[in-house]
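What follows is a predicted structure for the sequence shown.
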Amino acid sequence: MLYDRPYMQSEPSPRSRNLVFGIIIFNVIVYAVQLVAGRGFTESLGLTSVAQGGPNLWSFVTYGFLHDTHGMGHIIFNMIGIFFLGRALLPELGEKRFIQAYLGSSIVGGFLWFLVSLYTKSGPLVGASGSLFGLLTCFGLIYGNSDIYFMMVIRMKGKVLLYASLGIALFGLIFLELLNGTGVAHSAHLGGMAGGYLFYKLIYQRDPSYGKGAVFRMPDWLKRKPSKKPSKNYSYKVNIQPKRDLKKEVDRILDKINSQGFGALSPEEKRILDEAGDLLKKR
């Protein structure tokens, strides 16, 4: 059952934007290291099949931050998708649950691909596509009945985008990955969607308002340091009230004392009388 929440495009907080940009920047940095370090770096952190010697345990996490180095289309597409989905989901999920959805979808996607690789013997697996499809699933489930603009052009319901992505992933898994052995890991896409669904059912739906706290903090060395110059505190008072107005106000207060007594004065009226007395003493 779709969680029928209207999608209101809102700006995430500066801290949340830092989280999205941090994920993107980290992926780009790792991609640059891949280009310099070569194939050995990718194979050591990518997710390998049993036919290639079996995966390292950490590879179920690290593979999601690597990308195909034969062209930049792979990383560019994934980062654009994470940018837009991150901006849409962060105000609703909060930073803690966004990271849970991001990493959880990637891990489940890698696990399903590993099971499929027992048959296809392909690998190594790299890419953030599992996380991307998991976030897309969360968006489609939370905002299923809301109108969105896919790629900022095509208008559709959130659930239509969800079902279309599911259909493409299933078709690719059966007819391309299993039957033809193509290099695209559609099983990781489908596993990412399964991870996004599990996150939605087991974590998000239990309490949609839980977990919106921040987990990303700007490093201290990036924060602007406060000035070490001692601050100067000057004690002064400025009287901006014209003397004529002060005289009128004092006359009004004196009339009030004559008619109602001193006890009827407000604290502000008593303060004005004191100030007027101080002025008379200085003359």
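Received, thanks.

Identify the residue spatially nearest to Gly191, adjacent ones excluded.
For Gly191, ignoring the flanking residues on the chain, the nearest one in space by CB to CB, 6 or more residues apart in numbering is Leu112 at 3.1 Å. No exception for glycine: its C-beta is placed from N, CA and C like everyone else's.

what number of residues lie near that neighbour?
23 (other CB atoms under 10 Å).

Quick check: the gap between it and Val250.
Look at Leu112 and Val250: by CB to CB, to the nearest Å, they are 85 Å apart.

can you check Ala101 too?
Note on Ala101: its distance to Val250, by CB to CB, is 69 Å.

For the strand or helix carrying Leu161, name the packing helices and strands.
Secondary structure here is read from DSSP states H and E; on that basis Leu161 sits in helix 158-171. Counting contacts by 3 or more CB pairs under 8 Å, 6 or more residues apart in numbering; DSSP states H and E, the secondary-structure elements packed against helix 158-171 are helix 129-142, strand 147-150, helix 186-199.

Minimum distance to Asn180: which of these has it?
Across the helices and strands packed on helix 158-171, the minimum distance to Asn180, taken as CB to CB, is reached by helix 186-199, at 10.9 Å.

Show me what counts as buried in the lengthiest helix in the chain.
Ranked by residue count, the top helix of the chain under DSSP state H comes out as helix 95-120. By neighbour count with 16 or more other CB atoms under 10 Å, helix 95-120 contains the buried residues 95-114, 116-117, 120.

what angle separates that helix from helix 129-142?
Angle of helix 95-120 versus helix 129-142, following axes from the mean of the first three to the mean of the last three CA atoms, to 10 degrees, is 120 degrees.

Can you give the distance of helix 95-120 from its chain's centre?
The gap between where helix 95-120 is centred and where its chain is centred comes out at 20 Å by CA atoms, centre = their mean, to the nearest Å.

Which elements pack onto it?
Using 3+ CB pairs under 8 Å, 6+ apart: helix 95-120 touches helix 14-37, helix 59-62, helix 73-93, helix 129-142, helix 186-199.

roughly how far out does the third one sit from the chain middle?
So that's helix 73-93. Averaged over its C-alpha atoms, helix 73-93 has a centre that lies 9 Å from its chain's centre (CA atoms, centre = their mean).

likewise stretch 185-203?
Here stretch 185-203 shows a centroid-to-chain-centroid distance of 19 Å under the convention CA atoms, centre = their mean.

Specify which residues of the stretch 51-200 of the chain, grouped into ranges, have pLDDT under the cut-off.
Counting by pLDDT under 70, the stretch 51-200 of the chain shows low-confidence ranges at 150-152.

Mind doing that once more with 80?
With pLDDT under 80 as the threshold, the stretch 51-200 of the chain has low-confidence stretches at 148-154, 182-183.

related to what we said a few turns ago, return the distance of the residue nearest to Gly191 relative to Met79.
In this structure, Leu112 lies at 23 Å from Met79, with CB to CB as the measure.

Quick one: residues contacting the nearest residue to Leu273 once chain neighbours are set aside.
With CB to CB, 6+ apart as the criterion, Leu273 has its nearest non-adjacent residue at 6.0 Å, and that residue is Ile253. The neighbourhood of Ile253, defined by CB atoms under 8 Å, 6 or more residues apart in numbering, consists of Leu265, Glu269, Ile272, Leu273.

So the last one is in contact with Glu249, correct?
No - using CB atoms under 8 Å, Leu273 makes no contact with Glu249, being 9.3 Å away.

In helices, which of the contacts of Ile253 appear?
Using DSSP H, the members of those that fall in helices are Glu269, Ile272, Leu273.

Columns distance to Val33 and pLDDT on top of those, output as CSV?
CSV is the format used below for the ones in helices among the contacts of Ile253 (distance: CB to CB, whole Å; pLDDT from 0 to 100):
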residue, distance to Val33, pLDDT
Glu269, 74, 82
Ile272, 72, 83
Leu273, 76, 77
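
Tell me the buried residues within these.
For the ones in helices among the contacts of Ile253, burial is judged from neighbour counts taken by 16+ other CB under 10 Å, and it is met by Glu269, Ile272, Leu273.

Those into JSON lines, with extra columns for distance to Ser13?
Rendered in JSON lines, the data for these read as follows (distance: CB to CB, whole Å):
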{"residue": "Glu269", "distance to Ser13": "46"}
{"residue": "Ile272", "distance to Ser13": "46"}
{"residue": "Leu273", "distance to Ser13": "50"}
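
ok, of the ones in helices among the contacts of Ile253, which one's closest to Val20?
Ile272 (56.3 Å).
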